[in-house]
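> Provided below for reference: sequence and predicted model.
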Amino acid sequence: MSVLAVDVGTSMIKTVVLDDEGNEVAVARQATAVRRPRPGWAEQDMTAVWEAVVATIRSARRHVADGVRFIAFTAQGDGCWLVDDKGEPTGPAILWSDGRAAPIVEDWRASGVLDEAFRRTGSLTFPGLPNAILAWLAAHDPDRLARSSASLYCGGWLFLRFTGLTAVDESDASAPFLDPRTRRYSPGIRALFGLDWAERLLPPVRGNGRRVGELTARAAHELGLPAGLPVVMAPYDIVSTAIGVGATAPGQACTILGTTLCTEVVRDRPDTTGEPAGLTIVEDSHGRLLRAFPTLAGTEVITWAVRTLGLGSPAELGELAVQSPPGARGLVFLPYLSPAGERAPFLDPHARGVFWGMSLDHRPCDIARAVLEGLSMVIRDCLAASGAAAGELRLCGGGAASDAWCRLIADVTGLRTVRSADTEVGAKGAFLTGLVSLGEEPDIDAAARRYVRTRTADEPDAARSRFYASRFEAFLALRDLSAAGWKMLADSPTGSGAPAAPAPTTSAGDPHA
């Protein structure tokens, strides 16, 4: 019988049909919209997300000939998905990429709250985490909080719609309120952020052994599937993706080349030393954790570059980039293009993209190469912040389709890069979690050994790696120099550092008046 594995991303929802051997039989996809009603905001219609899940499942099940064994799903993490006591949304979901709470986070940083919280949890708060969003809502929309009875994540919202149960997976709960050592909510963390009042909104935590619910009659009718079908809530997307690409043992590392450029290393204990950075996420109930660095700008930077350079596809960007030599003829790109700044491996809501060293001598191929080099430098930066000595780096996500970029990542990081043979790695991780949760595999390691398949591997070129090692130091130094400029632009009246443009003058006879 088949398995339906659902991956609910920020911009794309996918349902994958997998056979008994974990092979992808069919994939149904539907795009979802991120609304930006104000600068720095990022929201989604919660009901529209569920309706897209329903549509992809109904589409995918047409490719099922032998019945469905179970549904397993993973979803985008962080953010705040509020529901009332009837399980209905009290407004749009506020996403992980939302920046409205940046001033609150900056106040917490100035007062030492962020550092103290990191020393307890191994996670550095950023504006898109629920503690920051809830604090913002308390100040700006208390009526919505009063109407809300649970603060869910996307995965919890879907579990509620599938099964009628209110819950949160322990990977989602890890940041910001979970103690990674006890795997329970920490009252001390809530108090540190001044959020004691939010306890009533925090749903029960489910981890290994408690991930399974049953499809309700209402959801079964919507999906065209039998009521009572097992539904497995897998860890959220960046964790399920690490599992799906086979990074399950301590010391193994992977990078998701997706909307978020997320570099992750598996650990067997929390690390709360060093400069606060990234997230510490509970991977399973056997003590394994993910040290994760999910950036705010990933493949959207490539989409921007493709559009800006007038190209037809990301593949054309890679083809153009290899026409420029390593170092892009002296051009350095800081790829911090998110309107919310950056959150990993450093936190700065004012961070923005910068080209250093540009001159009339530079050509489009140099710009293309600088973009890919800049994104690859971010991966190296995240690996350095993890403190781990990984032997190889597994790559997945949409960006892994680029041979040029994957070879460049090997050279920049100095690590062998290995790509997954699956196209939907997050869904594969949900599938593996489902097998373990339903007792069909003894543990995630065994499931990964049996079902994870890799394909292309790229070895780093020694000479180019030495070149990029020195280039990396220049990248960091230029970023430090840019920080003052970011702050200056943010403090300007228009947010751009330029004087406000005067309003256009018109007259009664002007046809544009």
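Looks like it arrived, so ask away. Remember, predicted model here, so these are calculated numbers, not experimental data.
> and the closest residue to Thr423 other than its chain neighbours, bridged to which residues?
The shortest distance from Thr423 to any non-neighbouring residue, by Cβ to Cβ, 6 or more residues apart in numbering, is to Glu24 (6.5 Å). To be clear about C-beta, it is placed using only N, CA and C from the backbone, and glycine gets the same treatment. Beta-bridge partners recorded for Glu24 (DSSP bridges): Leu18.
> so Glu24 sits right up against Val17, yeah?
Yes. With contacts counted by Cβ atoms under 8 Å, Glu24 reaches Val17, the gap being 7.3 Å.
> more crowded one of the two?
Using other Cβ atoms under 10 Å as the criterion, Glu24 and Val17 rank with Val17 on top: 23 against 17.
> tell me the spacing between the more buried one and Val3.
8 Å (Cβ to Cβ, to the nearest Å).
> hey, C-alpha coordinates of the one helix or strand Ala117 maps to in CSV?
Ala117 belongs to helix 113-121 when assigned by DSSP states H and E. Coordinates of the C-alpha atoms in helix 113-121 are reproduced here as CSV (Å, rounded to 0.1, in the frame of the first residue of the first chain):
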residue,chain,number,x,y,z
VAL,A,113,17.5,38.8,27.6
LEU,A,114,18.5,37.2,24.3
ASP,A,115,21.9,36.2,25.6
GLU,A,116,20.4,34.7,28.8
ALA,A,117,17.8,32.8,26.9
PHE,A,118,20.5,31.4,24.5
ARG,A,119,22.5,30.2,27.5
ARG,A,120,19.5,28.2,28.6
THR,A,121,18.1,26.9,25.4
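> mind listing what's buried in the helix or strand just after it?
Scanning forward in sequence from helix 113-121 by DSSP H and E, the next helix or strand is helix 130-140. By neighbour count on 16 or more other Cβ atoms under 10 Å, the buried set for helix 130-140 is Pro130, Asn131, Ala132, Ile133, Leu134, Ala135, Trp136, Leu137, Ala138.
> other SSEs contacting helix 130-140?
When contacts are defined as 3 or more Cβ pairs under 8 Å, 6 or more residues apart in numbering; DSSP states H and E, helix 130-140 packs onto helix 102-110, helix 142-147.
> run through who's touching the shortest one.
This means helix 142-147. Around helix 142-147, the neighbours that count as contacts under Cβ atoms under 8 Å, 6 or more residues apart in numbering are Leu82, Asp84, Thr90, Gly91, Leu134, Leu137, Ala138, Leu201.
> contact partners for the third one?
In other words, Thr90. Contact analysis of Thr90 by Cβ under 8 Å, 6+ apart lists Leu82, Val83, Asp84, Arg144, Arg147, Ser148.
> in this structure, where is pLDDT below threshold?
Scanning the chain with the threshold set as pLDDT under 70 gives 285, 494-513.
> okay, domains of it per the record?
According to automatic domain parsing, the chain comprises the domains 2-233, 246-494.
> and these: which comes nearest Val239?
With Cβ to Cβ, the closest approach to Val239 among the domains of the chain belongs to domain 2-233: 4.6 Å.
> for burial, what's the neighbour tally of the closest residue to Ser186 other than its chain neighbours?
Closest residue in space to Ser186, ignoring its immediate chain neighbours: Asp179 at 4.2 Å, by Cβ to Cβ, 6+ apart. Using other Cβ under 10 Å, Asp179 is surrounded by 17 other residues.
> wait, isn't Glu43 in contact with Ser97?
No. Counting by Cβ under 8 Å, Glu43 does not reach Ser97; the two are 9.8 Å apart.
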